[in-house]
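S.K.: below are the sequence and a predicted model for it; my questions follow.
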Amino acid sequence: MNTTCPKCDSDMSPVPIDEVVVDRCNGCGGIWFDLREHDNLKKRDKASRVDRGDPATGNSFNAIRDIDCPHCKQKMVKLAFPNQPHIHYEQCNHCGGAFLDAGEFTDLATLTASERFKTWWGRVRLFKS
């Protein structure tokens, strides 16, 4: 499928990583994940093979909020990852796809000590409930 980036309108190219194929923008370096594809690639080594864009460029494109899904053309919703609320991404409520700006996926795959503690503490609290 010929996909156009929802942020900069450049063409996106397929990037095969193991059994998953994601689309990476040839312009801004953003990454399109079909439903739940990012879950299979969250390990740091896989993330760095997918996320090759410049984080500074990604940060500048992160300010663009009103975008349409590159697959079904529905308005996408701006969200943040619960354990890493500084990472904002767009998700389509219709098809479940997600768009991350350059650098965000690598950041997602790299938990800081504080983020690891918060994740661990959340699991401990759930276990005690």
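M.R.: On my side now, so go ahead. In this text, all values refer to a predicted model and were calculated from it rather than measured experimentally.

S.K.: quickly list what the most centrally placed residue in the chain is bridged to.
M.R.: By Cα atoms, centre = their mean, the chain has its centre lying nearest to residue 100, at 3.2 Å. Residue 100 has these beta-bridge partners by DSSP bridges: residue 31.

S.K.: helices of this structure, start to end?
M.R.: For the chain, applying DSSP state H gives helices covering 44-50, 55-61, 104-108, 113-128.

S.K.: so residue 52 touches residue 29, yeah?
M.R.: Yes. Residue 52 lies in contact with residue 29 (Cβ atoms under 8 Å); the separation is 6.5 Å. Every residue, glycine included, has its C-beta placed from N, CA and C.

S.K.: quick one: low-confidence parts of this protein?
M.R.: Along the chain, segments meeting pLDDT under 70 span 1-2, 40-45, 111-129.

S.K.: recalculate using a threshold of 50.
M.R.: Applying pLDDT under 50 to the chain flags the ranges 120-121, 123-125, 129.

S.K.: check this protein for its longest strand and report it.
M.R.: Counting residues, the longest strand found in the chain (DSSP state E) is strand 84-92.

S.K.: need the contact partners of that strand.
M.R.: 6, 62, 65, 67, 69, 71-72, 74, 76-81, 97-101, 104, 107-108, 111, 115 (Cβ atoms under 8 Å, 6 or more residues apart in numbering).
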